[in-house]
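A.B. asks: 3D model of this:
(one chain, ligands or ions: 1)
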Amino acid sequence: VPTIRSTIGGLALVPLAAILLASGCAFDGPSARADEEIVVVTTVAPLTSLVAAVVGDHAEVRGIVPEGVNSHTFEPSPSVAETLAGADLVFLNGLALEEPTLAMAEANVEDGTEIVSLGDLTLDEDDYLYDFSFPEEAGRPNPHLWVNPPMALVYADIVRQRMAELDPAHRDDYQANHDALAADIRALDEAMRTSLATVAPDDRKLLTYHDAYAYFARDYGWEVVGAIQMADFQEPSPGEVARLIDQVRTEGLPAIFGSEVFPSPVLEHIGREAGVRYIDVLRDDDLPGEPGDREHSLLELLRRNYVVITEASGGDASALESLDLQLDVADRATYPQ
Ligand SMILES: [Zn+2]
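C.D. replies: Numbering: from 1, shown residues only. I've put the predicted structure just below:
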């Protein structure tokens, strides 16, 4: 800051203050805040995208978990402690998704910095789902709330509320950003319902590699018949693979779904043996495009995944394809890659 330099020449602080005050500046209040940008730290890229959409221009958003890594087993490097120490607010998914990162956050954030676990605030314990990769005996519920638009709406509202509390001067902007995002999420929800309704009821079944669709299935009337990834995130045993091949045949699934983050020769093998299409383009935590691109967003990730699921299940995804998402500004978040 140039004005600091002028004190080196022996200028007393009082004249400097007088100059600043005379020119309409003040030492505290909004201008001091503007000099020191608020730092919001998040974890997985879909949450980073959602948070960045609500935050807009008023804070710096830093994602911790690199895209394309398994967020369920992610261990933050020591340098992440520094990022967390500089946070004014931390948003995690919670529901035991980011346990090592949560522990690091609790040990490193400054006094007064709130750690907000969006999933824990969204879902009552009675509504937790435990299933294939998240069995109840392991004690960790399925944490994938953000692929389910009604729950993404709740996340967006929590972010709006916390940002307004942290930075009340900009509460109207957070509200407006939130409203624009929420309108897109509602439009996506409507297009999903239209597209998914074109799939024959008997074909509304999902077998995926990664177990990310439990809450979506419950809210949109689909059935998750299985997830191939084991609870310990290892590959299934040969016996388990044989059982899955039988299951795919018996259920008469039109397709099985892998993901870009978890390429799976095992899933390809299951598809070949069972004689069904293996589609490996679902996205879990890896947003489309590159940071800064318009399509690098949670909403585009969801749109593309549900287009793939609709079409592979014999439905018509044109409502999703033609959906005009209104948020056309790339977020400013920084994503470690
Ligand atoms: Zn996941």
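A.B. asks: Which parts of this structure are strands?
C.D. replies: For the chain, the strands defined by DSSP state E cover 38-42, 59-63, 89-92, 114-117, 205-208, 223-227, 255-259, 277-282.
A.B. asks: okay if I get those as TSV plus mean neighbour count and mean pLDDT?
C.D. replies: Where you see a C-beta, it was placed from the backbone N, CA and C, and this is true even at glycine. Output for the strands of the chain, formatted as TSV (neighbours: other CB atoms under 10 Å; pLDDT from 0 to 100):
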stretch	mean neighbour count	mean pLDDT
strand 38-42	24	98
strand 59-63	23	97
strand 89-92	25	98
strand 114-117	17	98
strand 205-208	24	93
strand 223-227	19	91
strand 255-259	24	91
strand 277-282	18	93
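A.B. asks: can you tell which of these is closest to Gln247?
C.D. replies: strand 223-227 (6.2 Å; CB to CB).
A.B. asks: The strands of the chain into JSON lines, with extra columns for distance to Ser237?
C.D. replies: Formatted as JSON lines, the strands of the chain follow (distance: least, CB to CB, whole Å):
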{"stretch": "strand 38-42", "distance to Ser237": "36"}
{"stretch": "strand 59-63", "distance to Ser237": "35"}
{"stretch": "strand 89-92", "distance to Ser237": "33"}
{"stretch": "strand 114-117", "distance to Ser237": "34"}
{"stretch": "strand 205-208", "distance to Ser237": "17"}
{"stretch": "strand 223-227", "distance to Ser237": "15"}
{"stretch": "strand 255-259", "distance to Ser237": "18"}
{"stretch": "strand 277-282", "distance to Ser237": "20"}
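A.B. asks: Relative to Ala191, which of those is closest?
C.D. replies: Of the strands of the chain, the one closest to Ala191 (CB to CB) turns out to be strand 277-282, at 17.6 Å.
A.B. asks: first vs last residue of stretch 160-176, how far apart are they?
C.D. replies: Stretch 160-176 has an end-to-end distance of 9 Å (criterion: CA to CA, to the nearest Å).
A.B. asks: who touches that stretch?
C.D. replies: Residues from elsewhere that reach stretch 160-176 (CB atoms under 8 Å, 6 or more residues apart in numbering): 30, 33, 38, 40, 54-59, 88-89, 91, 114, 116, 177-178.
A.B. asks: Stretch 214-232 now?
C.D. replies: Outside stretch 214-232, the residues that touch it by CB under 8 Å, 6+ apart are 129, 131-135, 138, 142, 144-145, 147-148, 150-151, 192-193, 196, 204-211, 213, 236, 240, 244, 247, 251, 253, 262, 264, 266-267, 270.
A.B. asks: Next, the buried residues of that stretch.
C.D. replies: Buried residues in stretch 214-232, counted by 16 or more other CB atoms under 10 Å: 214-217, 220, 222, 224-229.
A.B. asks: in the protein, what spans have low per-residue confidence?
C.D. replies: Applying pLDDT under 70 to the chain flags residues 1-35, 328.
A.B. asks: Pull out the buried members of the contacts of stretch 214-232.
C.D. replies: Buried, going by 16+ other CB under 10 Å: 129, 131-134, 142, 144-145, 147-148, 151, 192, 196, 204-211, 213, 236, 244, 251, 253, 262, 264, 266-267, 270, out of these.
A.B. asks: Cross those residues against helices and list the overlap.
C.D. replies: Using DSSP state H, 151, 192, 196, 244, 251, 266-267, 270 are the members of the buried ones among the contacts of stretch 214-232 that sit in helices.
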